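Asker: pasting a predicted model and its sequence here:
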Amino acid sequence: MNATPQASTDPVFSGLEPAAVWTHFARLCRIPRQSKAEGPLREEIRLWALARGLSATVDAAGNLLLRKPASGGLEKAPGVILQAHLDMVCQKEAETVHDFARDPIRPVRRDGWLLAEGTTLGADNGIGVALILAALDDASLLHGPLEALLTVDEEAGMGGARGLEGDLLLGRLLLNLDTEEWGEFYLGCAGGLDVNVKRDGTAVPLPAGFECRRIDLYGLRGGHSGIDIHEERGNAIKLLVRVLRDLEKRFPLHLAEFRSGSARNSLPREASAVVAVPARQVAALVAGLGAWQWLLREELLGVDEAVSINLAPATARRVLSAEDQAVWLASLHAAPHGVQRRSLRVPGVVETSNNLGMVGITPYGGWCNFMVRSLRESGSRGLADEIVSLFALSGTSAEIAGYYPGWAPNPASPLLGLCQSVYRRQFGGESSVRVIHAGLECGLIAAVYPGLDMVSFGPTIRGAHAPGERVEIVSVGKAWHLLRAILAAIGAGDASAASGEVASR
């Protein structure tokens, strides 16, 4: 990044306001930033910060901490931490040619939205990063001491927040900018964990007289496994397993391969299976798949009615043993997916859910991943134990890993009161407060810094974690205006915007 931001040369960003925010986001789109591969982007930002006279530190977990001194006369104001994550979920349509390790994201503008066609956009959480960089870059912004915590590996396990050091942050107020609904302040979120399943296999030769075909199930919307889980969208793994279970009842069917999913926190949109059937049964296979496509479209009408099933030529020399095939298909069929319990304390919020998000099975063995979320640790642990017990019945290994805590809401948060008051004053209306089922890094950060007062907000983002992800352009401007106003109010100790407790902390 250059020391002085210049307008993006990409015409899609021409004329967008606030220009500073969009200029930074345009640069993020040009730099690949998969989870665990954020190094090049982090180094670009670090050098940019040093050129601006800011301090820049990379901790042992790979997080980047930037510091900006307070505006003149506001040195004694409360320190504020602005927090977002550098990585993005990398998802694309099957027919889209895109290498997330090398290729830039190519946004387009449509009907007031910025979106990516065929891939994820990375507005989650690139817009939050861009808002923070714009704040650090703005010489006219009034603020107390500012820290920017840009974490890594959020989407693949929250590795950055998990490894956060306890003596790194100085501020006592934290604004997380990873929210996806303008006009809402998030005050709590679910925690979660993973269940990783693995089973060795015994390959057997393809039977004589059998022909191989690949069954592709696709056309589902996918989405965020926390935010969208309550919408009952189709899960490609669960649907294709249903199809295979039915087909193997009708005629001899051998499974040679089953694959789906590339991100644990995304609802799987596509799944494929290589199967072998007697040559004389190929026509029956075609007919059976046609009937299933019609049935699934009827079931998912209004939610995922674009689901499609295709049959293509395939080859295989080995297939799963009868025992391994029975274990995998029965276990995946019985495994939970979706909302398990709704909260009785927070109306309208999912309490516990599970996403069967990734599967890879061959004749030599297989694996799958479940991502469990809950507002209660006992909820996530309990559901995870059920999954482990299910696979234990067949002697299949299943291990619980990667637990991260939820963010317990504090309705009496002084920072929340300030944010609500500033919103009311700036936009002439009331904001809303939510506890969400998605996971934010706030829970892990609070575990290391229990005294922090935290609130999350941001612009409107739709379709996060799925191709076609989009961000509402006008809401980005509103989020920028709100961020500036909140920082100014905190810096000035604005008694009309918040209780004296925040102003004096």
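Answerer: Great, that's in hand. Numbers count the residues shown, from 1 in each chain.
Asker: where does the nearest residue to A123 once chain neighbours are set aside land in three-state SS?
Answerer: Of all residues not flanking A123 in the chain, V471 sits nearest, at 3.9 Å (Cβ to Cβ, 6 or more residues apart in numbering). (Each C-beta comes from the backbone N, C-alpha and C, glycine too.) At V471 the chain is in strand, as set by DSSP: H, G, I helix; E, B strand; the rest coil.
Asker: and V471, what are its bridge partners?
Answerer: Going by DSSP bridges, V471 is paired in beta bridges with L114, I461.
Asker: residues contacting it?
Answerer: By Cβ atoms under 8 Å, 6 or more residues apart in numbering, the residues touching V471 are W113, L114, L115, L121, A123, I127, P459, T460, I461, R462.
Asker: I'd like to know which elements the helix or strand where R199 lies is packed against.
Answerer: According to DSSP states H and E, R199 maps onto strand 191-200. Secondary-structure packing of strand 191-200 (3 or more Cβ pairs under 8 Å, 6 or more residues apart in numbering; DSSP states H and E): helix 322-334, strand 365-374, helix 377-392, strand 397-404.
Asker: how about it as CSV, C-alpha atoms only?
Answerer: Coordinates of each C-alpha in strand 191-200 appear next as CSV, following Å, rounded to 0.1, in the frame of the first residue of the first chain:
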residue,chain,number,x,y,z
GLY,A,191,-19.7,-20.1,20.9
GLY,A,192,-18.8,-23.3,19.1
LEU,A,193,-16.6,-26.3,18.4
ASP,A,194,-15.8,-28.9,15.8
VAL,A,195,-16.3,-32.6,15.6
ASN,A,196,-13.8,-34.2,13.3
VAL,A,197,-14.6,-37.7,12.1
LYS,A,198,-12.2,-40.1,10.5
ARG,A,199,-12.4,-43.7,9.4
ASP,A,200,-9.9,-46.0,7.6
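Asker: ok so, going back, can you pick the most crowded of the contacts of V471?
Answerer: Neighbour counts for the contacts of V471, by other Cβ atoms under 10 Å, peak at A123, which reaches 32 neighbours.
Asker: can you confirm V204 is in a strand?
Answerer: Yes: assignment of V204 by three-state DSSP places it within a strand.
Asker: the closest residue to A334 other than its chain neighbours and G171: what is the separation?
Answerer: Excluding its sequence neighbours, the residue lying closest to A334 (Cβ to Cβ, 6+ apart) is L390, at 6.1 Å. Remark: distance between L390 and G171 (Cβ to Cβ, to the nearest Å) = 45 Å.
Asker: now do the helix or strand where Y186 lies: everything it contacts.
Answerer: Taking DSSP H and E as the definition, one finds Y186 inside strand 184-189. Strand 184-189 is contacted from outside by 176, 179, 375, 406-411, 413, 416, 419-420, 423, 431-440, 442-443, 455-457, using Cβ under 8 Å, 6+ apart.
Asker: re earlier: tell me which of the helices and strands packed on strand 191-200 sits most buried.
Answerer: Highest mean neighbour count among the helices and strands packed on strand 191-200 (mean count of other Cβ atoms under 10 Å): strand 365-374, with a mean of 23.
Asker: so which residues of the chain form helices?
Answerer: Here the chain has its helices, by DSSP state H, at 19-30, 39-51, 123-137, 159-162, 236-250, 282-299, 322-334, 377-392, 414-427, 442-448, 473-492, 500-504.
Asker: which among the contacts of strand 184-189 end up buried?
Answerer: By neighbour count, with 16 or more other Cβ atoms under 10 Å, those hold 176, 179, 375, 406-407, 409, 413, 416, 419-420, 423, 431, 433-440, 442-443, 455-457 as buried.
Asker: by mean pLDDT, point me to the weakest helix or strand of the chain.
Answerer: Using mean pLDDT, DSSP states H and E, the weakest-scoring helix or strand in the chain turns out to be helix 500-504, at a mean of 37.
Asker: quick one: the residue nearest to A123 from R30, how far?
Answerer: For V471 relative to R30 (Cβ to Cβ), the value is 17 Å.
Asker: cool, C90 as well?
Answerer: Distance of C90 to R30, given as Cβ to Cβ: 15 Å.
Asker: when these two are compared, which one has more neighbours?
Answerer: Between C90 and R30, counting by other Cβ under 10 Å, C90 is the more crowded of the two (24 against 14).
Asker: the more buried one touches Q34, doesn't it?
Answerer: Yes: look at C90 against Q34 with Cβ atoms under 8 Å: they come within range, at 5.2 Å.
Asker: shared neighbours of those two, anything?
Answerer: Shared contacts of C90 and Q34, defined by Cβ under 8 Å, 6+ apart, comprise F100.
Asker: quick check: closest non-adjacent residue to L133.
Answerer: In this structure, L133 finds its nearest non-sequential neighbour in H24, 4.4 Å apart by Cβ to Cβ, 6+ apart.
Asker: sorry, slip of the keys, the one I care about is G451.
Answerer: Excluding the flanking residues, the one nearest G451 by Cβ to Cβ, 6+ apart is R172, at 6.3 Å.
Asker: ok now do the one you found, which residues does it touch?
Answerer: Listed by Cβ under 8 Å, 6+ apart, the contact partners of R172 are P78, G79, G451, L452, D453, R505.
Asker: now, among those residues, which is nearest to T362?
Answerer: Proximity of these to T362 (Cβ to Cβ) peaks at L452, which lies at 46.2 Å.
Asker: the longest strand along the chain: partners in the sheet, and parallel or antiparallel?
Answerer: In terms of residue count, the longest strand belonging to the chain (DSSP state E) is strand 350-362. Paired with strand 350-362 in the same sheet, following DSSP bridges, are strand 254-260 (antiparallel), strand 338-342 (antiparallel), strand 365-374 (antiparallel).
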